[in-house]
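> 3D model of this:
(one chain, ligands or ions: 1)
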Amino acid sequence: MSHELNFTVRPGGCLQGDLRVPGDKSISHRAIMLGALAKGQTRISGFLEGEDSLATLQAFRAMGVSISGPDAGCVTIEGVGMHGLQAPVRPLDVGNSGTSMRLLAGLLCGQDFDVTLTGDASLSTRPMRRIADPLTDMGARIETSAKGTPPLHIYGHQSLQGIDYTMPMASAQVKSAVLLAGLYAEGETRVTEPAVTRDHSERMLETFQWPLKRRGRTVALSGGGELKAHDIQVPGDISSAAFFIVGASIAADSDIIIKGVGINPSRSGIIAIMRQMGADIEILQQRQEGSEPVADIRIRSARLQGIDIPVEQVPLAIDEFPALFIAAACAQGTTRLTGAAELRVKESDRIQVMADGLQTLGADAEATADGMIIRGGALAGGDIESQGDHRIAMAFAVAGLRASAAITIRSCRNVATSFPGFADLAARLGLAIDVSTEEGI
Ligand code: S3P
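Purely as a prediction, here's the structure:
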């Protein structure tokens, strides 16, 4: 018997007050990985205590790394060095987390033991050839299912060679997997991306004193060095802030300040896109925390207009489209998204699932092969199936601020993968949200 969570959001309300969002998921994963492989002790503060980043933490514990915490966002890792990991006794189950699986695959190719990576039902349908192919080119031995999906069987004792890889899709996970394998490869590993994607791996490798060459959309490193432990302060996750950025924009009389949010330019597409739609967003107290830029973000209600979303902004806001589609449905006029086919292979098919949900609420949303066309208008209430996708659940929760009747969102348990405490925090700010438990099989 498993328990499923549903959200019910009653109409009306606005968002008011100051808040912090949990730590950045992408940075939390990378801090565990590099901290574990470094020489010396790494202390992480602001670590995301969500299921995804905890899956990465548990994977390293299972490989013999001593990690204490998390305790109020603090984690201490006793790094074992580049060759100090031990074979896990069992397959490593990373749950819902694509980042854990793809980045771990990269660094596990360079070990001298075999390992199997598994995931939940959603992750088990996601494409893994995108990492298996370049890693195989480097000399790794890695097996997927016949469909190119998990589980992944990775064989140790392979000697890896650097490659010059041009990625067919804009993916920070693929880039990072190849770079992490490159740490163990002979010679130089070079990755070129078709569009800018999040560069947290590059920034953190530099923080841990691994030399990198970065030029335009190409990054290169040489294998065979050492990572030096370094304390990491994880900023608030802009992908979690996104739900409140959109919520405060669409709900009349809203005014919030989200404190300590990471605004790395490779992640801040949501701000650029929302501003182009007419959002009232102020960046306050901009500062640098370690290698990442951070700010407080003030958002007040605004009248939004539909836009054609600039295609170069797509990878910079790739996780924010569930929230942005809600903004578009509440805007005046038409919003068109193209160049976002990657959304179809996220935790769910985010184009189809969002279009279905918006139509349930009476919105004019048309799914296309690589995006969506949304004509803004009124939102009704209704019953939404989130397909277990955390970001879809949270997006429809904030839609409740503008709907004319209650919205019930089903399968919200996975909100805990990236945003533990979302419903309580949203309620404190003014969202009329209730959480109920349903027993399933
Ligand atoms: C991530 C990269 C993105 C993003 C995911 C986290 C990362 O995935 O959607 O949530 O931490 O590198 P892709 O690389 O598949 O675009």
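> Tell me who's in contact with residue 388.
Counting by Cβ atoms under 8 Å, 6 or more residues apart in numbering, residue 388 touches 96, 121-122, 347-348, 411, 413-414. Using the backbone N, CA and C atoms, a C-beta is placed for each residue, glycine as well.
> Please name the strands paired to the helix-or-strand element of the chain with minimal mean pLDDT in the sheet, noting orientation.
In the chain, no helix or strand scores lower on mean pLDDT, DSSP states H and E than strand 433-440, which sits at a mean of 86. Sheet pairing of strand 433-440 (DSSP bridges) gives strand 2-9 (antiparallel).
> Can you mark which positions in the partner strand are buried?
Within strand 2-9, the residues that count as buried by 16 or more other Cβ atoms under 10 Å are 5-9.
> Adding distance to residue 267 and pLDDT, write these out as a markdown table.
A markdown table is the format used below for the buried residues of strand 2-9 (distance: Cβ to Cβ, whole Å; pLDDT from 0 to 100):
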| residue | distance to residue 267 | pLDDT |
| --- | --- | --- |
| 5 | 28 | 97 |
| 6 | 30 | 98 |
| 7 | 26 | 98 |
| 8 | 31 | 98 |
| 9 | 27 | 98 |
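> As CSV, those residues with distance to the ligand would be great.
CSV is the format used below for the buried residues of strand 2-9 (distance: Cβ to the nearest ligand atom, whole Å):
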residue, distance to the ligand
5, 21
6, 24
7, 21
8, 27
9, 24
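> Looking at those residues, which is nearest residue 236?
residue 7 (21.8 Å; Cβ to Cβ).
> what sits against that closest one?
Listed by Cβ under 8 Å, 6+ apart, the contact partners of residue 7 are 393, 396-397, 408-409, 412, 423, 433-435.
> pLDDT weak spots in the chain?
Residues of the chain that meet the criterion pLDDT under 70 lie in 1-2, 440-441.
> Residue ranges of each domain in it, please.
2-23+235-440, 25-233 (automatic domain parsing).
> Taking the contacts of residue 388, tell me the two that lie furthest apart.
Largest pairwise distance in the contacts of residue 388, by Cβ to Cβ, is 13.6 Å, between 348 and 413.
> Could you check how far the spatially closest residue to residue 59 that is not a sequence neighbour is from residue 63?
Spatial nearest neighbour of residue 59, chain neighbours left out: residue 92 (4.6 Å); criterion: Cβ to Cβ, 6 or more residues apart in numbering. For residue 92, the distance to residue 63 equals 8 Å [Cβ to Cβ, to the nearest Å].
> So which of those two has more stuff around it?
residue 92 (24 against 21; other Cβ atoms under 10 Å).
> give me the beta-bridge partners of the more buried one?
Applying DSSP bridges, one finds that residue 92 bridges with residue 117.
> mind listing what it touches?
Contact analysis of residue 92 by Cβ under 8 Å, 6+ apart lists 59, 62-63, 104, 115-118.
> For the residues you listed, work out which two are farthest apart.
Maximum pairwise distance among the contacts of residue 92 (Cβ to Cβ): 15.1 Å, between 63 and 118.
> near the ligand, which residues of the stretch 201-350 of the chain?
Neighbours of the ligand within the stretch 201-350 of the chain, by Cβ under 6 Å from any ligand atom: 318-319, 342.
> most surrounded residue in those residues?
residue 319 (24 neighbours).
> Pretty sure residue 420 sits in a helix.
No. Under DSSP: H, G, I helix; E, B strand; the rest coil, residue 420 sits outside any helix and is assigned coil.
> and residue 216, backbone torsions?
Reported as degrees, to the nearest 10, the phi and psi values for residue 216 are phi 60, psi -130.
> Could you give the number of residues near it?
Residue 216 has 8 neighbouring residues, counting by other Cβ under 10 Å.
> do residue 281 as well
As a burial measure, residue 281 scores 17 neighbours (other Cβ under 10 Å).
> again, but for the one 3 residues further on
Residue 284 sits with 11 neighbouring residues when counted by other Cβ under 10 Å.
> Going by neighbour count, which residues of whatever helix or strand it lives in are buried?
Element membership for residue 284 (DSSP states H and E) is strand 280-289. Within strand 280-289, the residues scored as buried using 16+ other Cβ under 10 Å are 280-281.
> what residues does whichever helix or strand comes after it touch?
Reading on from strand 280-289 to the C-terminus, the next helix or strand found by DSSP H and E is strand 292-300. Identification of contacts with strand 292-300 by Cβ under 8 Å, 6+ apart yields 24, 27, 200, 203, 235-236, 241, 244-245, 248-249, 254-265, 271, 279-288.
> Could I have the PyMOL command that selects the buried members from these?
If you want just the buried ones from the contacts of strand 292-300 in PyMOL, going by 16+ other Cβ under 10 Å, the selection is:
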select buried, resi 24+27+200+203+235+236+241+244+245+248+249+254+256+257+258+259+260+261+262+263+264+271+279+280+281
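> Next step: the contacts of strand 292-300 restricted to helices.
Secondary structure defined by DSSP state H assigns 27, 200, 203, 241, 244-245, 248-249, 271 of the contacts of strand 292-300 to helices.
> Tell me which stretches of the stretch 151-300 of the chain form strands.
Taking DSSP state E, counting those that start in this stretch as the test, the strands found in the stretch 151-300 of the chain are 152-155, 164-166, 188-192, 213-215, 218-222, 232-233, 255-262, 280-289, 292-300.
> quick one, the last one and strand 255-262 angle?
If you take axes from the mean of the first three to the mean of the last three Cα atoms, to 10 degrees, strand 292-300 sits at 170 degrees to strand 255-262.
> How far away from the center of its chain is strand 292-300?
Chain-centre distance of strand 292-300: 18 Å, with Cα atoms, centre = their mean, to the nearest Å.
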